[in-house]
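> sequence and predicted model, in that order:
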Amino acid sequence: MFVGNLSFQTTKEELTELLSSAGGIVDVYLPADRVTGRPRGFAFVEYASEDEAAEAIRMFNEKELGGRKLNVNAADDRPRRSPAPRMFADAQGFGQNPFGGSGRPFKNKGSRRGMRGRKRSLN
């Protein structure tokens, strides 16, 4: 089940203690922000049975915790993201760019010193 509108100071232990009165909790997951490491303000809670989860939703939706009204409901499965477009090689070996362009790879020009050296080696 999904628990939203959590205070950033709410801990996993606090949430587990509050929600365990509805039934046996299997897991509590509080996602953290990748950059700051701070909690993101929501959690996912897994109960031992569907009946216990439904009872928790009934008991704790709109209940106040840490000065905020909780938003408790059944968690929806996140739709799978489609993979990024791939570049396929054409007959010349250059990739077809799905974003437009010629599909030719970028040619590194190098430094002026390197260009002079290449010219000298040709003579």
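That came through, no problem.
> strands of the chain, start to end?
Here the chain has its strands, by DSSP state E, at 2-4, 25-29, 42-47, 64-65, 68-69, 71-73.
> and R81, which of these is closest to it?
Among those, the nearest to R81 by CB to CB is strand 42-47 (18.3 Å). Using the backbone N, CA and C atoms, a C-beta is placed for each residue, glycine as well.
> wait, which of the strands of the chain is closest to R80?
strand 42-47 (17.5 Å).
> mind listing what's buried in the closest one?
42-43, 45, 47 (16 or more other CB atoms under 10 Å).
> re the thing from before, need the strands of the chain in JSON lines (columns: mean pLDDT and distance to R81).
JSON lines is the format used below for these (pLDDT from 0 to 100; distance: least, CB to CB, whole Å):
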{"stretch": "strand 2-4", "mean pLDDT": "95", "distance to R81": "19"}
{"stretch": "strand 25-29", "mean pLDDT": "94", "distance to R81": "19"}
{"stretch": "strand 42-47", "mean pLDDT": "94", "distance to R81": "18"}
{"stretch": "strand 64-65", "mean pLDDT": "92", "distance to R81": "32"}
{"stretch": "strand 68-69", "mean pLDDT": "94", "distance to R81": "30"}
{"stretch": "strand 71-73", "mean pLDDT": "94", "distance to R81": "23"}
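> V3: which of the buried residues of strand 42-47 is nearest?
Using CB to CB, these come closest to V3 at A43, 4.6 Å.
> could you report the separation of the closest one from E55?
17 Å (CB to CB, to the nearest Å).
> dump stretch 23-33 to PDB, restricted to CA.
In PDB, the C-alpha atoms belonging to stretch 23-33 read as follows (Å, rounded to 0.1, in the frame of the first residue of the first chain):
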ATOM      1  CA  GLY A  23      -2.000  -6.200  11.100                       C
ATOM      2  CA  GLY A  24       1.300  -7.900  10.400                       C
ATOM      3  CA  ILE A  25       3.700  -5.800   8.400                       C
ATOM      4  CA  VAL A  26       6.100  -7.600   6.100                       C
ATOM      5  CA  ASP A  27       8.100  -4.600   4.800                       C
ATOM      6  CA  VAL A  28       8.200  -0.800   5.000                       C
ATOM      7  CA  TYR A  29      10.100   1.100   2.300                       C
ATOM      8  CA  LEU A  30      10.900   4.800   2.600                       C
ATOM      9  CA  PRO A  31      12.600   6.000  -0.600                       C
ATOM     10  CA  ALA A  32      15.300   8.700  -0.200                       C
ATOM     11  CA  ASP A  33      16.200  11.400  -2.600                       C
END
